[in-house]
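give me coordinates for this.
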Amino acid sequence: MSFDPSASDSDYREHVRREVENLADGFTRVLFGDYDTVLRAASSDPLFGNLAMLGNVAINSARNAIAEQHRQAVEALQQAQTIELARERLEAILEATQDGLAFFDDHDRLSFHSSMFRELVGATREQLEGRSGAEVARLLSARDPVPLGGLEQAFSTATTRLTFLLRLGRPKPQLLRVVANPMRGAGDTRGRLVVLRDLTALEDSRRFRDELLSNLAHELRTPLTAIQGFTDLLAGGALGALSAAQLEALNTVRGSSLKLARVVDQVLDVQRVESGRVERIDFDLAPVLQALRLEHEPQARAKGLGFRASLPLRLLVRGDRRSLELVFRTLLARAIERTVAGSVELSVGEARDGRVDVRVSDTGPVLGEEAVLRIFERYDRSHDAREPLPGDRAQLELSLVQRFVQLNEGQIALESALSGGTRFRVELLVGADPAGPLLR
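The predicted structure follows:
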């Protein structure tokens, strides 16, 4: 319909009314969601034609914006569903493990804990939800009167990987391994993963095996004694002169028998530990540590390593002298053997709360998480390729070390830095002396 510019005022007002109603009808359809609406002027009036064109531009922009919002909403929903599915799968995997797992966020609040973790701590979901690391440590310590220091460090303030054993007596005897591993992002600590592993059943099976090994070791002693005795007689010429080849072969037999005898002695040491035959008395550990320093420092120097010792003049502790000497001899030998460059350190911390720390540190290669987790397990074959101590010997020694420390009413913890190096921290009871346990 054409528009006559010379029309009367009444005709023009009628024309404007029809144009406005036409545009309003189109906008109403848009408001009710019909974004396919196209506005058109009812006449050839350029004013309303331009208005219709501008309206169509606005409708098209709104249609495109809504389509983009819908696309983004669908994409966000798909991402949320993917994340939720991944979370459910992860929780299912974590729930299926035999270890108790707990995640503490960077605000030191418990954000996830598995059902096994709740069972080992002896608490309900409601008792644990949102708790701080120190509060969870206190809940676990309520199962037995154990020192809180190591637990609180593992659950609240551990900045390096930390592992130690925990014996609990209530409501039933249990042996737990506690492993704390800080999680990092962009160089900063982003919370901690704490793992509790129940070793009670494994310990029972090992006890049976150890009894068998002990019986076997005792049976081997008699023939070994005879072999060593007769090889000494033959080598000394008591039964006639020997040729050089015969003497060389005899020395090989003698060396092999001595090596086997050392293995037998070590098995018997394990049995001694497992049976609890240790004599705990108050004695000065300082001379023992000084003697071990004199014994191991030349070995370290021969490898080009530094050897630092920070020892008191007196260190009164309560424990078994022989077993504790074995503990620190083994730890020092291990530190020197695994360290390629750098130094080894033997040091003693300040005594407090009736306990004192003796530390053996090295600058050896970084330990993997699995190696840290299993470091004290006997005959462990899940060897970390970066750990330069192959074979069962070192694992047997560390298992023996751990048991000796426990039987001396102490605790041993491994701290492994992400940048490399390890530190064994042995916590011992101080001896009763009114003058104090330490003399610097």
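
contacting residues for the residue positioned nearest the centre of the chain?
Taking CA atoms, centre = their mean, the centroid of the chain lies closest to N181, which sits 3.5 Å from it. Taking CB atoms under 8 Å, 6 or more residues apart in numbering as the definition of contact, the neighbours of N181 are 158, 161, 192-195, 369, 372. C-beta here means a position set from N, CA and C on the backbone, and glycine is covered the same way.

give me the beta-bridge partners of it?
Here N181 sits in beta bridges with L193, going by DSSP bridges.

model confidence at it, what's the number?
Each residue has a pLDDT score; the one for N181 is 84.

can you tell me how far it is from E88?
Counting by CB to CB, to the nearest Å, the separation of N181 from E88 is 24 Å.

same thing with F230?
Look at F230 and E88: by CB to CB, they are 70 Å apart.

what does stretch 325-338 rub up against?
Applying CB under 8 Å, 6+ apart, the external contacts of stretch 325-338 come out as 269, 288-289, 292, 295-296, 299-300, 303, 305, 344, 346, 358, 360-362, 364-365, 387-389, 394, 397-398, 400-401, 404-405, 412, 422, 424, 426.

among those, name the buried ones.
Applying a neighbour-count criterion of 16 or more other CB atoms under 10 Å, the buried members of the contacts of stretch 325-338 are 269, 288-289, 292, 296, 300, 305, 344, 346, 358, 360-362, 364-365, 387, 389, 394, 397-398, 400-401, 404-405, 412, 422, 424, 426.

could you point out which element follows the helix or strand hosting I227?
Of the helices and strands defined by DSSP states H and E, I227 is found in helix 200-235. Under the assignment DSSP H and E, the closest C-terminal helix or strand after helix 200-235 is helix 244-274.

which neighbouring elements make contact with that following helix?
Contact here means 3 or more CB pairs under 8 Å, 6 or more residues apart in numbering; DSSP states H and E; on that basis helix 244-274 packs against helix 200-235, helix 393-407.

highest mean neighbour count out of those helices?
helix 393-407 (a mean of 21; mean count of other CB atoms under 10 Å).

pull the contacting residues for A86.
When contacts are counted by CB under 8 Å, 6+ apart, A86 touches no other residue.

hang on, it in a strand?
No: the assignment for A86 is helix, going by DSSP: H, G, I helix; E, B strand; the rest coil, so no strand is present there.

returning to that earlier point: what's the closest of the helices and strands packed on helix 244-274 to D282?
Across these, D282 has its closest neighbour in helix 393-407 (16.2 Å, CB to CB).

tell me which element the closest residue to G100 other than its chain neighbours is part of?
Nearest residue to G100 in three dimensions, chain neighbours excluded: F117, at 3.3 Å (CB to CB, 6 or more residues apart in numbering). For F117, the element it lies in under DSSP H and E is helix 115-121.

counting contacts, what elements does the helix or strand just after that helix pack onto?
Elements were assigned by DSSP H and E; along the chain past helix 115-121, the next helix or strand is helix 125-128. When contacts are defined as 3+ CB pairs under 8 Å, 6+ apart, helix 125-128 sits against strand 110-113, helix 115-121, helix 133-141.

and these, which is most packed in?
Among the helices and strands packed on helix 125-128, highest average neighbours (mean count of other CB under 10 Å) belong to helix 133-141, with a mean of 20.

just checking, S141 touches L151?
Yes: using CB atoms under 8 Å as the test, S141 is close enough to L151 to be in contact (5.8 Å).

any idea how far stretch 397-409 is from the chain center?
Here the centre of stretch 397-409 is set off from its chain's centre by 20 Å, with CA atoms, centre = their mean, to the nearest Å.

returning to what we had before: narrow the buried ones among the contacts of stretch 325-338 to those in strands?
If you go by DSSP state E, the buried ones among the contacts of stretch 325-338 have 344, 346, 358, 360-362, 412, 422, 424, 426 in strands.

looking at these, spot the one nearest P173.
Here the nearest of these to P173, counting by CB to CB, is I412; it sits at 19.7 Å.

what sits against that closest one?
164-165, 327, 376, 401-402, 405-406, 424-427.

find the nearest non-adjacent residue to it, please.
V405 (4.4 Å).

contacting residues for that neighbour?
With CB under 8 Å, 6+ apart as the criterion, the residues that contact V405 are 327, 411-412, 426, 428.

how about D204?
So D204 contacts nothing (CB under 8 Å, 6+ apart).

for L176, see how far away it is.
Between D204 and L176 the computed distance is 14 Å (CB to CB).

G342 too?
G342 is 33 Å from L176, by CB to CB.

again, but for A92
Between A92 and L176 the computed distance is 24 Å (CB to CB).

cool, A24 as well?
76 Å.

so between these two, which is more surrounded?
Under the neighbour definition other CB atoms under 10 Å, A24 and L176 were set side by side, and L176 has more, 20 against 10.

sec struct for that one, please.
L176 falls in the strand class when you classify it by three-state DSSP.

what about the nearest residue to it once chain neighbours are set aside, distance to I83?
Take L176 and drop its neighbours on the chain: the residue closest to it by CB to CB, 6+ apart is L166, 4.6 Å away. To I83, L166 is 35 Å away according to CB to CB.

between these two, which is the more surrounded one?
Regarding L166 and I83, a neighbour count based on other CB under 10 Å identifies L166 as having more, with 22 against 10.

contact partners for A41?
Applying CB under 8 Å, 6+ apart, one finds that A41 lies in contact with 19, 22-23, 48-49, 51-52.

tell me what the host helix or strand of L315 is packed against?
For L315, the host element (DSSP H and E) is strand 314-319. Strand 314-319 is packed against strand 281-284, helix 286-302, strand 355-362, strand 422-429, strand 438-439, with contacts defined by 3+ CB pairs under 8 Å, 6+ apart.

what mean pLDDT does it have?
Across strand 314-319, pLDDT averages out at 91.

could you point out which element follows it?
On the C-terminal side of strand 314-319, the nearest following helix or strand under DSSP H and E is helix 321-338.

now that next one against helix 244-274, angle please.
Relative orientation of helix 321-338 with respect to helix 244-274: 120 degrees, computed using axes from the mean of the first three to the mean of the last three CA atoms, to 10 degrees.
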